[in-house]
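>>> below: sequence and its predicted model.
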Amino acid sequence: MLSLCNNWEFTEQWSDGFAAGEGTGETVRLPHTVREIPTHYADHASYQMVCGYRRNLTLGEEHLDKKLFLQFDGAAHIATVYVNGREAAHHRTGYTGFRVDITDLTRLGDNCIAVKLDTTENPEVPPFGFVIDYLTYGGLYREVWLDVRNQQYIEDLFITTPDLYTLKIKPTFVGAEKCIVLVELLDGENVLIKKAFTSNGTITIPCPDVESWSPENPKLYTCRVSLVK
C-alpha cells in the first residue's frame with residue numbers, strides 16, 4: 001500500500017467548496033490533531049469543530065483497470081470522504097479504521113481527496129454517550145493509505161488450527177470465481193506444503209510434520225495464500 005500521510009491541507013472551517021478544491025488550507029502531515037492544547041487547564045471545547053482535510057492524488061497509466069481503495073486508520077470522530085467533489089463514504093466513530101472504494105470516482109491525472117471531519121462530542125457516536133475520563137482529540141490522527149488491487153483479489157483470510165495437525169483457511173475473494181489459489185506452509189524459507197485449490201469454500205490441509213510452539217521451542221510457521229490464475 002502507498003502511504004498518503006504527506007501534503008495534506010487543513011482548515012478549521014469546513015465548506016463544500018473546500019471539497020471541490022477551492023480556497024487554501026494549512027499544510028500538515030498525518031498523523032494530525034485539529035488543535036494543540038496546553039498540558040494544564042485544557043479546554044476540551046477548543047478542539048471541537050467541523051473541519052476539513054484535503055490533498056491531491058495523482059494516478060497514472062499503471063492504475064488503469066485496478067481497484068483503488070482509501071484506507072483510514074483513524075478519523076475522529078465523524079468523517080465524510082469526498083473524491084473530486086463527490087461524496088464517497090461516511091464513517092462514524094474515530095476509533096475504528098475504514099476503507100473506501102474510490103475506483104469509479106477517480107480519473108487519470110490529478111484527483112482531489114477531501115475529508116469533512118466533525119470532531120464535536122455526539123452522544124450517539126462512540127466513545128461519547130457515557131462517562132469519559134480522557135480528552136477525545138479530533139483529526140486524522142492515524143495514517144491514510146492508497147490500496148491498489150487487481151480486479152480479482154483476496155479480500156480477507158480467516159485461518160484457524162482446530163488441532164495441531166490441521167490447517168483450515170476460509171478465504172474471501174472478489175471477482176475470483178473458479179480461480180486457482182496456491183497455499184504454502186513455510187518454516188522460515190523452507191516450504192513444507194505447497195498445494196493448489198479452486199477458489200471455492202473453506203480449504204482444509206493436513207499438516208502431519210509440524211511442531212507445537214513452546215517457550216523452549218518457539219516454532220512459528222507462515223501460511224501464504226496467493227491468487228495465481
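Structure's in. What do you need?

>>> closest to the centroid, which residue in this protein?
Gln71 (3.1 Å; Cα atoms, centre = their mean).

>>> what about Phe18, is that helix, strand or coil?
Secondary structure, DSSP: H, G, I helix; E, B strand; the rest coil: Phe18 is helix.

>>> show me where the chain dips below the pLDDT cut-off.
Along the chain, the model assigns pLDDT under 70 to no residue.

>>> wasn't the residue nearest to the centre of the chain part of a strand?
Yes - using three-state DSSP, the assignment for Gln71 is a strand.

>>> and stretch 26-34, what's buried?
Neighbour counts using 16 or more other Cβ atoms under 10 Å place Val28, Leu30, His32, Val34 of stretch 26-34 among the buried residues. All C-beta spots, glycine's among them, are computed from the backbone N, C-alpha and C.

>>> any idea how far apart the tips of stretch 195-202 sit?
Terminal residues of stretch 195-202 lie 14 Å apart, using Cα to Cα, to the nearest Å.

>>> please apply the same query to stretch 205-213.
19 Å.

>>> residues in a beta bridge with Ile159, which ones?
Counting by DSSP bridges, Ile159 is bridged to Ile169.

>>> I figured the residue nearest to the centre of the chain hits Leu140, correct?
No - using Cβ atoms under 8 Å, Gln71 makes no contact with Leu140, being 12.0 Å away.

>>> mind checking which of the buried residues of stretch 26-34 are in strands?
Taking DSSP state E, the ones among the buried residues of stretch 26-34 that sit in strands are Val28.

>>> now for the buried residues of stretch 26-34, which pair is the farthest apart?
Leu30 and Val34 (12.1 Å; Cβ to Cβ).

>>> what sits closest to Thr204 if chain neighbours are left out?
Of all residues not flanking Thr204 in the chain, Lys168 sits nearest, at 5.3 Å (Cβ to Cβ, 6 or more residues apart in numbering).

>>> would you mind measuring from that neighbour to Leu117?
To Leu117, Lys168 is 41 Å away according to Cβ to Cβ, to the nearest Å.
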